[in-house]
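**Student:** no sequence on this one, just coordinates:
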């Protein structure tokens, strides 16, 4: 009887705490009204979360990744080129993605993958003004929903990464990967 009562009390407490302290709602910025210039430049990929482990597998191969976000052409600030230099084992790999920012949409549209939505969130909720969070979403049949943490500095503070992990774990996104960043960076033709 005491065990059943204790179980009941724990259950009631968990229901109460879920109502009193729900998961934080972390709304994306509207890409259509975004000042893209403030997000241009170098970003270091630090960590990612998802509800599905398979969505993070490619990141587990990486030691570090550096991204550079620039306008595709100086005359078109609404088309952005994202270049990623990734350290995979002892090798470097480079990939590029082109995003369109449309005034009528909240997400950035990835060229060649119109079904993928990419949402930008400021790092303010993590108390990191030099951080951003990108969310990639795709509908069925592919179904993708993952969040990625980037910082202006290579070393994002431990507490920021832990807050990022906890914030999305609350939303049942318990698969987590953090890039080790033990090897030299790949920066195009140069290494750091």
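**Tutor:** Nice, I can see it. Please read all numbers here as calculations on a predicted model, not as lab measurements.
**Student:** the nearest residue in space to residue 156 that is not next to it in sequence is in what secondary structure piece?
**Tutor:** Take residue 156 and drop its neighbours on the chain: the residue closest to it by CB to CB, 6 or more residues apart in numbering is residue 46, 4.4 Å away. (C-beta placed from N, C-alpha, C; glycine too.) Assigned by DSSP states H and E, residue 46 belongs to strand 41-50.
**Student:** next secondary structure element downstream of that strand?
**Tutor:** Following strand 41-50 in sequence, per DSSP H and E, is helix 57-60.
**Student:** any regions of the protein where pLDDT drops low?
**Tutor:** Where the chain drops to pLDDT under 70, the residues are 1-21, 189-192.
**Student:** can you give me the strands in it?
**Tutor:** Applying DSSP state E to the chain gives strands spanning 41-50, 62-73, 76-88, 91-101, 108-110, 117-122, 131-138, 144-151, 175-178, 186-187, 190-191.
**Student:** for residue 164, find the nearest of those.
**Tutor:** Closest of the strands of the chain to residue 164 is strand 144-151, at 4.9 Å (criterion: CB to CB).
**Student:** so what are the sheet partners of the closest one and their directions?
**Tutor:** Strand 144-151 sits in its sheet next to strand 41-50 (antiparallel), strand 131-138 (antiparallel), going by DSSP bridges.
**Student:** isn't residue 26 right next to residue 121, touching?
**Tutor:** Yes - Residue 26 is within contact range of residue 121, at 5.9 Å (criterion: CB atoms under 8 Å).
**Student:** what sits in contact with each of those two?
**Tutor:** Residues touching both residue 26 and residue 121 by CB atoms under 8 Å, 6 or more residues apart in numbering: residue 133.
**Student:** need the strands of the chain in JSON lines (columns: mean neighbour count).
**Tutor:** Below are those laid out as JSON lines (neighbours: other CB atoms under 10 Å):
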{"stretch": "strand 41-50", "mean neighbour count": "21"}
{"stretch": "strand 62-73", "mean neighbour count": "17"}
{"stretch": "strand 76-88", "mean neighbour count": "17"}
{"stretch": "strand 91-101", "mean neighbour count": "14"}
{"stretch": "strand 108-110", "mean neighbour count": "20"}
{"stretch": "strand 117-122", "mean neighbour count": "19"}
{"stretch": "strand 131-138", "mean neighbour count": "20"}
{"stretch": "strand 144-151", "mean neighbour count": "22"}
{"stretch": "strand 175-178", "mean neighbour count": "18"}
{"stretch": "strand 186-187", "mean neighbour count": "18"}
{"stretch": "strand 190-191", "mean neighbour count": "10"}
